[in-house]
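K.L.:
this is the structure alone, sequence omitted:
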């Protein structure tokens, strides 16, 4: 997930401490942070924490407090490191960067056309991941995760639709995976053999001609020799947001069709990347984590006992009920609600089956505002709410993001 809780200098705050302590107290075994960006010029959103360049004593102390809040409450905490690439919104990046100058195919004008990275800038990206990982280790985070999914920069390099380069960074899958593998190798050399490194990898981008399941299997096999301790399986991007599974979004239906072709099982329908994980399990030697769709105790137990994955990740349920892990593991509840299945703006033109792409996107991203609002509430020490009107929440969120973007100190 993404918290949006950083200050105007993109530093961690007391709200991170409150939020992650609360989630740890709710029974999580290991927490993955939201996007911590390695370059403040290309944020995923204005409220991202950024680690680039020299870190002040105040920032180091804030990061240490964030890590300690989770660990002291009983949960390991791994820092997710990311570069937004072309998915950096126009309010923070008027000229984002990408492997090639391929614009995001979304209505609304939220993202500017990117420019292609120069070869020396790609080398700089590697250095930035290394620097951020070293700070994560220094400040007490239990491990790091390199985000190579969901259409961010490392994922863009893997995707032949976005990566149209003809140099050593583009063309064959080996070349397109070069940046990810170079980042992992450089981070490992810096943090040492005993410090955990995870990778978040798309099972598929769900775009015809894009990064697909066969590509994902090959990259997973390469990761065996790269010093990766945990592989998280996900999928999609902003253009095809399979990872959201919110009514009104198209991509999850593509995932369901794939599942039906593979095996129409209850377990596969609940965790909508589990079928891919079962395929990747055949080649990947490291532990596997699947996040996305897990809601029932039975579904999680079956996924673990079958060997399809080693770790079950849950995210959005924690926004509404931070005690969900404890409740599931103790048997107090057999399942947590799938709020995203019911959130929608309303009937008529805003219905999920509308054929108007902009309305579909508005419906889906308004539903996301429900979860953002509850993250803010938990970070402020309040209780979550289930009766949030999502269209006003979406408008409030957009206004808040614009205000935060204007307040940024670059």
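P.N.:
Cool, got the structure. As the structure is a computational prediction, the values presented were derived from the model and not from experiment.
K.L.:
for residue 23, which three-state class applies?
P.N.:
At residue 23 the chain is in helix, as set by DSSP: H, G, I helix; E, B strand; the rest coil.
K.L.:
surely it is in contact with residue 70?
P.N.:
Yes. With contact defined as Cβ atoms under 8 Å, residue 23 reaches residue 70; the gap is 7.5 Å. (Each C-beta comes from the backbone N, C-alpha and C, glycine too.)
K.L.:
hey, what's in contact with both of the two?
P.N.:
Here residue 23 and residue 70 share the contacting residues residue 31, scored by Cβ atoms under 8 Å, 6 or more residues apart in numbering.
K.L.:
which one of those two is surrounded by more residues?
P.N.:
residue 70 (28 against 23; other Cβ atoms under 10 Å).
K.L.:
so what's the residue count around residue 137?
P.N.:
19.
K.L.:
next secondary structure element downstream of the host helix or strand of it?
P.N.:
Of the helices and strands defined by DSSP states H and E, residue 137 is found in helix 119-138. The first helix or strand that comes after helix 119-138 along the chain, using DSSP H and E, is strand 143-148.
K.L.:
the helices in the stretch 201-350 of the chain, which residues?
P.N.:
Assigned by DSSP state H, counting those that start in this stretch, the stretch 201-350 of the chain shows helices spanning 213-223, 251-262, 266-270, 274-280, 297-305, 316-320, 324-330.
K.L.:
winner for burial among those helices?
P.N.:
Sort these by mean neighbour count, taking mean count of other Cβ atoms under 10 Å, and helix 274-280 sits at the top with a mean of 24.
K.L.:
now that helix: how far from the chain's centre is it?
P.N.:
Relative to its chain's centre, helix 274-280 lies at 19 Å (Cα atoms, centre = their mean, to the nearest Å).
K.L.:
other SSEs contacting that helix?
P.N.:
Applying 3 or more Cβ pairs under 8 Å, 6 or more residues apart in numbering; DSSP states H and E, one finds that helix 274-280 contacts helix 213-223, strand 230-234, helix 251-262, helix 266-270, strand 288-291.
K.L.:
wait, doesn't residue 388 sit right on residue 370?
P.N.:
Yes. In this structure, residue 388 is within contact of residue 370 by Cβ under 8 Å, at 5.2 Å.
K.L.:
so residue 202 makes contact with residue 149?
P.N.:
Yes. Applying Cβ under 8 Å, one finds residue 202 in contact with residue 149, separated by 4.4 Å.
K.L.:
quick check: neighbours shared by those two?
P.N.:
Residues touching both residue 202 and residue 149 (Cβ under 8 Å, 6+ apart): 155, 234-235.
K.L.:
re the thing from before, confidence-wise, which of the helices and strands packed on helix 274-280 is weakest overall?
P.N.:
Looking over those, mean pLDDT reaches its minimum on helix 251-262, with a mean of 41.
K.L.:
quick check, residue 234 in contact with residue 204.
P.N.:
No. Between residue 234 and residue 204 there is no contact under Cβ under 8 Å: 9.7 Å.
K.L.:
ok, residue 138 to residue 55 distance?
P.N.:
According to Cβ to Cβ, to the nearest Å, residue 138 and residue 55 sit 9 Å apart.
K.L.:
and residue 8, by the same measure?
P.N.:
16 Å.
K.L.:
the more surrounded of those two?
P.N.:
It is residue 55, of residue 8 and residue 55, that has more neighbours when counted by other Cβ under 10 Å, with 19 against 14.
K.L.:
so what pLDDT did the more buried one get?
P.N.:
At residue 55, pLDDT is 93.
K.L.:
quick check: which element contains it?
P.N.:
Judged by DSSP H and E, residue 55 forms part of no helix or strand.
K.L.:
for it, grab phi and psi.
P.N.:
phi -100, psi 130 (degrees, to the nearest 10).
K.L.:
wait, it sits on residue 134?
P.N.:
No. Counting by Cβ under 8 Å, residue 55 does not reach residue 134; the two are 10.1 Å apart.
K.L.:
more neighbours: residue 202 and residue 149, which one.
P.N.:
Legend: neighbour count by other Cβ under 10 Å for residue 202 and residue 149, higher for residue 202 (29 against 25).
K.L.:
before we move on, what's the pLDDT of that one?
P.N.:
Per-residue confidence for residue 202 comes out at a pLDDT of 90.
K.L.:
residues touching residue 326, list them.
P.N.:
Applying Cβ under 8 Å, 6+ apart to residue 326 gives the contacts 26-27, 332.
K.L.:
can you flag the buried ones in those residues?
P.N.:
The neighbour count (16 or more other Cβ atoms under 10 Å) marks 26-27 as buried among the contacts of residue 326.
K.L.:
which stretches of this structure have low pLDDT?
P.N.:
107, 237-269, 341-361 (pLDDT under 70).
K.L.:
so where do the helices sit in the stretch 51-200 of the chain?
P.N.:
57-72, 119-138, 153-158, 173-176, 178-191.
K.L.:
if you compare those helices, which one is most tucked away?
P.N.:
Comparing the helices of the stretch 51-200 of the chain on average neighbours, where mean count of other Cβ under 10 Å defines a contact, helix 153-158 leads with a mean of 28.
K.L.:
now for it, which elements pack on it?
P.N.:
Secondary-structure packing of helix 153-158 (3+ Cβ pairs under 8 Å, 6+ apart): strand 97-98, strand 143-148, helix 173-176, helix 178-191.
K.L.:
switch to 10 Å and redo it
P.N.:
Packing partners of helix 153-158 (3 or more Cβ pairs under 10 Å, 6 or more residues apart in numbering; DSSP states H and E): strand 76-82, strand 97-98, helix 119-138, strand 143-148, helix 173-176, helix 178-191, strand 197-202, helix 213-223.
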